[in-house]
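**Q** whatever this is, show me its structure:
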Amino acid sequence: MLVGVSLCCPLAYGEAEKLCTADWNQYRQRFMAPDGRIEDTGNGHVSHSEGQGWGMLFAVSADDRAAFDRLWRWTDSTLRRQDVALFAWRYDPNGTPPIADINDASDGDVLIAWALLRAGQRWGDAELLQKSAEIREAIARRLVRRIQGYTTLLAGIEGFDQPAGTVINLSYLVIPAFVEFDRIDHRGPWKDLLNDAPRLLKLARFGKYDLPPDWLLLPDRGRPYPAGGWPERFSFDAVRIPLYYRWGGLDVKDPELLKPFDRFWRSEGKQRPPAWINLDDGTVAPYPISTGVAAIHAYLTGAPAPASSVGTEDYYSASLYLLAQLAGGGCVAGR
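**A** Next up, the predicted model:
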C-alpha cells in the first residue's frame, strides 16, 4: 500500500532552506545539460542517480520548477528500471549502450525519492508525491535489511553480498531524508534505520582517528571491518557521513558521535587536511580536501563556510558545497 501522498502536510523539515541564487545558477549552468542530465565533470561527464537526486533537491530548494521538471523527466525516462521503481546508477554518454549496468545505488534512490517528496509538498503536486511513495516502497522492500540485529541499507540490489557478509556504505544513509520519510510514513523502516545508524557508526571506527571506511563489511558474525576490494580509506564517500548525520540530528543525544571527523580534519595539515587517510597504515593523500569537503567541516564545527567554489571546482566538490549550504539552513543573507 502506497502512503504519503496527501497534500495537506506542509514542507516541515528544512522548509526555510534556500540556496544562494548565484550558487544555484552557476551549478545549473555548469553541470546541468539542457535535457536535465547532471554531468560529473570530474569523471568523464558521466551521470549518476546520486547526481540527479542532488540536482533535483537543489532545484526544489531554489524554487526552480522548470529545472526540476527537466531533471526529473530525464531521470525517470532514462535511469528508471523497468522491473522496480529504482534507478540505474550510472549513465555514460560515450558508452554503447550508455547504461551498461542496471544495478541501482541506494543513495541515488533515496535522494530522488526525497527530492520528489519535497517537490510535491512545495508545489502541491500529487503526482510527484505518488512517485516518491512508489520509490520509498521499493527501497523499503528491496534495499532495507536486518543484519546482526541492525537495520541498514544495502548499497544496491545486487553485488554486495559476499561469502563473509554484506558490504554497506554508511554514506548512503541519507539521514535527513529518513527523518522526513518517517514523518509521513510511520509504518516504514525509517525509524529503525535512524536508530541503528549511530550504532553502526560507533562500530566502524578504525585507525588513529577512529574513522569509518568508505566501504564496510558487516560479517554474519563478529565485528565489522573495512571491506575487501576497496581501498581501506576514509575518503571521498565517507566524508558525507558527518554531513548527513548532523543534518538529521543524530548527534543531538550523543555529541561525541561525530568528533572523530573534526579531530582528523583539524589534526592533519596546516591549512587544509589531506583528502583521505589510509585506516591501516595512516598514510594520507598528497593533495588536500576540496572546498566542498571544507564546507562540510565548517558546517560540522559551526565555523563560517569557505568562499563558494561552485563556479570553479568540479561537480562533486560543488555538490558537497551546496549540500552543506542546505544543511546549514540555506543561503546566508547578503549572498
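**Q** where in the stretch 151-300 of the chain is pLDDT low?
**A** The stretch 151-300 of the chain contains residues with pLDDT under 70 at 269-270.
**Q** the helices in it, which residues?
**A** Taking DSSP state H, counting those that start in this stretch as the test, the helices found in the stretch 151-300 of the chain are 175-184, 190-203, 240-247, 259-267, 291-301.
**Q** name the SS class of G120, please.
**A** Secondary structure state of G120, per DSSP: H, G, I helix; E, B strand; the rest coil, is helix.
**Q** list the contacts of stretch 247-263.
**A** Stretch 247-263 has contacts (Cβ atoms under 8 Å, 6 or more residues apart in numbering) with 175-176, 178-179, 194, 197-198, 201-202, 205, 209-211, 241-242, 245-246, 297, 300-301, 326-327. Where C-beta positions appear, they are placed from N, C-alpha and C, glycine not excepted.
**Q** for the stretch 201-335 of the chain, which segments count as strands?
**A** All strands of the stretch 201-335 of the chain, identified by DSSP state E, counting those that start in this stretch, fall at 216-219, 225-226, 233-234, 277-278.
**Q** R136 touches L111, doesn't it?
**A** No - if you go by Cβ atoms under 8 Å, R136 and L111 don't touch, sitting 12.0 Å apart.
**Q** which of those two has more neighbours?
**A** In terms of neighbours (other Cβ atoms under 10 Å), R136 is the more surrounded of R136 and L111; the figures are 27 against 24.
**Q** please name the nearest non-neighbouring residue to that one.
**A** Spatial nearest neighbour of R136, chain neighbours left out: A113 (5.1 Å); criterion: Cβ to Cβ, 6 or more residues apart in numbering.
**Q** distance of that neighbour relative to I289?
**A** 29 Å (Cβ to Cβ, to the nearest Å).
**Q** and if you look at R30?
**A** 20 Å.
**Q** more neighbours: which of the two?
**A** I289 (23 against 16).
**Q** now the more buried one: how far from S235?
**A** Applying Cβ to Cβ to I289 and S235 gives a distance of 10 Å.
**Q** who touches both of those two?
**A** Each of A275 lies in contact with both I289 and S235 under the rule Cβ under 8 Å, 6+ apart.
**Q** still on that earlier bit, give the contact list for the residue nearest to R136.
**A** 132, 135-136, 139, 177, 181.
**Q** as TSV, those residues with distance to R90 would be great.
**A** Below are the contacts of A113 laid out as TSV (distance: Cβ to Cβ, whole Å):
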residue	distance to R90
S132	22
I135	18
R136	22
I139	19
A177	21
F181	25
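**Q** between those, which is nearest F264?
**A** Nearest to F264 among the contacts of A113 is A177, at 25.6 Å by Cβ to Cβ.
**Q** okay, now that closest one: neighbour count?
**A** Residues lying near A177 (other Cβ under 10 Å) number 28.
**Q** just F206 next, same as before
**A** 20.
**Q** residue contacts, it?
**A** With Cβ under 8 Å, 6+ apart, F206 has these contacts: 212-213, 225-226, 232, 279-280.
**Q** apply 6 Å and report the result again.
**A** Going by Cβ atoms under 6 Å, 6 or more residues apart in numbering, F206 touches L279.
**Q** cool, and R80?
**A** Each residue near R80 by Cβ under 6 Å, 6+ apart is listed here: F87.
**Q** for it, name its beta-bridge partners.
**A** Per DSSP bridges, the residues bridged to R80 are F87.
**Q** what pLDDT does it get?
**A** The model reports R80 with a pLDDT of 98.
**Q** how close does it sit to I102?
**A** Note on R80: its distance to I102, by Cβ to Cβ, is 10 Å.
**Q** which residues touch the closest residue to L217 other than its chain neighbours?
**A** Leaving aside its sequence neighbours, L217 sits nearest to A227 (Cβ to Cβ, 6+ apart; 4.1 Å). For A227, the contacting residues are 167, 215-217, by Cβ under 6 Å, 6+ apart.
**Q** please identify which of the residues you listed is nearest to D35.
**A** Once Cβ to Cβ is applied, the member of the contacts of A227 that ends up nearest D35 is W215, at 32.3 Å.
**Q** which ones are touching that closest one?
**A** 167, 169, 227, 230.
**Q** cool, Y225 as well?
**A** Neighbouring residues of Y225 by Cβ under 6 Å, 6+ apart: L217.
**Q** show me where the stretch 1-150 of the chain dips below the pLDDT cut-off.
**A** Using pLDDT under 70, the stretch 1-150 of the chain drops low at 1-16.
**Q** so which residues of it form helices?
**A** Taking DSSP H, counting those that start in this stretch to define them, one finds helices in the stretch 1-150 of the chain at 21-31, 49-61, 65-74, 106-123, 126-142.
**Q** how about exporting the longest one as PDB, limited to the C-alpha atoms?
**A** Taking Å, rounded to 0.1, in the frame of the first residue of the first chain, the C-alpha atoms of helix 106-123 are listed here in PDB:
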ATOM      1  CA  SER A 106      20.700   3.200  -2.900                       C
ATOM      2  CA  ASP A 107      21.800   6.700  -2.100                       C
ATOM      3  CA  GLY A 108      20.600   7.800  -5.500                       C
ATOM      4  CA  ASP A 109      17.300   6.100  -5.000                       C
ATOM      5  CA  VAL A 110      16.800   7.800  -1.600                       C
ATOM      6  CA  LEU A 111      17.800  11.200  -2.900                       C
ATOM      7  CA  ILE A 112      15.400  11.000  -5.800                       C
ATOM      8  CA  ALA A 113      12.500  10.000  -3.500                       C
ATOM      9  CA  TRP A 114      13.400  12.700  -1.100                       C
ATOM     10  CA  ALA A 115      13.500  15.400  -3.800                       C
ATOM     11  CA  LEU A 116      10.200  14.200  -5.200                       C
ATOM     12  CA  LEU A 117       8.600  14.400  -1.700                       C
ATOM     13  CA  ARG A 118       9.900  17.900  -1.200                       C
ATOM     14  CA  ALA A 119       8.800  19.000  -4.600                       C
ATOM     15  CA  GLY A 120       5.300  17.600  -4.300                       C
ATOM     16  CA  GLN A 121       4.900  19.300  -1.000                       C
ATOM     17  CA  ARG A 122       6.300  22.600  -2.100                       C
ATOM     18  CA  TRP A 123       4.400  22.800  -5.300                       C
END
